[in-house]
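>>> Quick one: sequence and predicted model below, then my questions.
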Amino acid sequence: MGPLTALVSTLGEAAYGVRREGGRVVFAPAPPPEHRPILAAWKEALLQAVEEGERVPAQELLRLERLACILLASQGELSPLTWATFYYQDRLEPERVLAPQENLLPHLRWRGRNLPAPRRVHLSATDASFLLDLEAPLEAFLRTEGEALELFAWPEWRMREYLWAAARGRAPQQAALEWRGQTYRGTWEELAQVVGPIRKVKLVI
């Protein structure tokens with residue numbers, strides 16, 4: 001099980017709350033022993049998902065906006081500007097905002113507290129340094145290796161479609177796929193073989 005899958009699985013099972021006290025993340029009641037090393041490994045990133053003094057159920061950190069904060073914070077430096085697009089179940093058109101670096105994580109936290117839960121969150125750096133696409137339910141994860149970050153968490157059927165499209169439309173590139181509790185490494189085409197064939201391929205370049 002890869003680190004991202006482990007975090008999502010841990011939060012999904014959490015029966016405790018989380019709050020932020022300065023530079024500390026406090027859980028109450030105490031998490032079970034098997035959860036503690038996983039939460040400790042993500043401590044600095046978890047801090048970014050919770051406001052000072054805020055208390056939320058740990059499972060709330062799986063809300064797409066808060067999870068986006070955690071994942072972006074774990075990567076370090078952010079792009080100067082990021083397009084953030086939010087898709088909702090009951091709206092035909094998504095909402096799109098252009099967020100500067102210093103406002104991106106606070107904006108995501110604010111949305112996570114005050115607005116209905118989106119079905120999908122898509123973040124794209126204007127300098128192409130990262131692309132983050134989260135869609136509920138979170139079932140599969142993809143990370144490319146190298147200087148640029150591409151990180152996806154999609155329903156399984158979309159991950160399969162994306163991998164096959166990438167295998168056809170992109171040059172060979174090493175990537176890591178966390179899928180069904182295991183981590184696979186290889187080129188787009190090799191990872192596409194892991195998730196199996198599909199009947200229709202939509203080309204993505």
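Noted; the coordinates are in hand.

>>> where does this protein have low pLDDT?
Counting by pLDDT under 70, the ranges of the chain that qualify are 1-2, 146-147, 170-171, 197-205.

>>> can you give me the strands for it?
17-21, 24-28, 55-57, 81-87, 95-100, 120-125, 130-135, 140-144, 149-154, 175-179, 182-186 (DSSP state E).

>>> Which one of the ones you listed lies nearest to E44?
Of all the strands of the chain, it is strand 24-28 that lies closest to E44, at 9.0 Å by CB to CB. Where you see a C-beta, it was placed from the backbone N, CA and C, and this is true even at glycine.

>>> Against which helices or strands is the closest one packed?
Packed against strand 24-28 by the contact rule (3 or more CB pairs under 8 Å, 6 or more residues apart in numbering; DSSP states H and E) you find strand 17-21, helix 43-47.

>>> buried set for it?
Applying a neighbour-count criterion of 16 or more other CB atoms under 10 Å, the buried positions in strand 24-28 are V25, F27.

>>> Okay, angle between it and strand 17-21 too, please.
Interaxial angle, strand 24-28 versus strand 17-21 (axes from the mean of the first three to the mean of the last three CA atoms, to 10 degrees): 150 degrees.

>>> how far away is the residue lying closest to H122 once chain neighbours are set aside from E54?
Leaving aside its chain neighbours, H122 sits nearest to T85 (4.3 Å; criterion: CB to CB, 6 or more residues apart in numbering). Between T85 and E54 the distance is 25 Å, computed by CB to CB, to the nearest Å.

>>> got it, and L191?
Using CB to CB, one gets 38 Å for the distance from L191 to E54.

>>> who's in contact with T126?
Residues in contact with T126 (CB atoms under 8 Å, 6 or more residues apart in numbering) are S79, P80, L81, T82, W83, L98.

>>> Does L47 touch V26 like I think?
No - if you go by CB atoms under 8 Å, L47 and V26 don't touch, sitting 10.9 Å apart.

>>> What sits closest to L163 if chain neighbours are left out?
Spatial nearest neighbour of L163, chain neighbours left out: A192 (4.1 Å); criterion: CB to CB, 6+ apart.

>>> Mind listing the residues bridging to D133?
Beta-bridge partners for D133, by DSSP bridges, are H122, F152.

>>> so what's it up against?
The contact partners of D133, by CB under 8 Å, 6+ apart, come to R120, V121, H122, L123, L151, F152, A153, W154.

>>> any chance of these in CSV, plus neighbour count?
Putting these into CSV (neighbours: other CB atoms under 10 Å) gives the following:
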residue, neighbour count
R120, 18
V121, 25
H122, 19
L123, 23
L151, 20
F152, 20
A153, 27
W154, 21
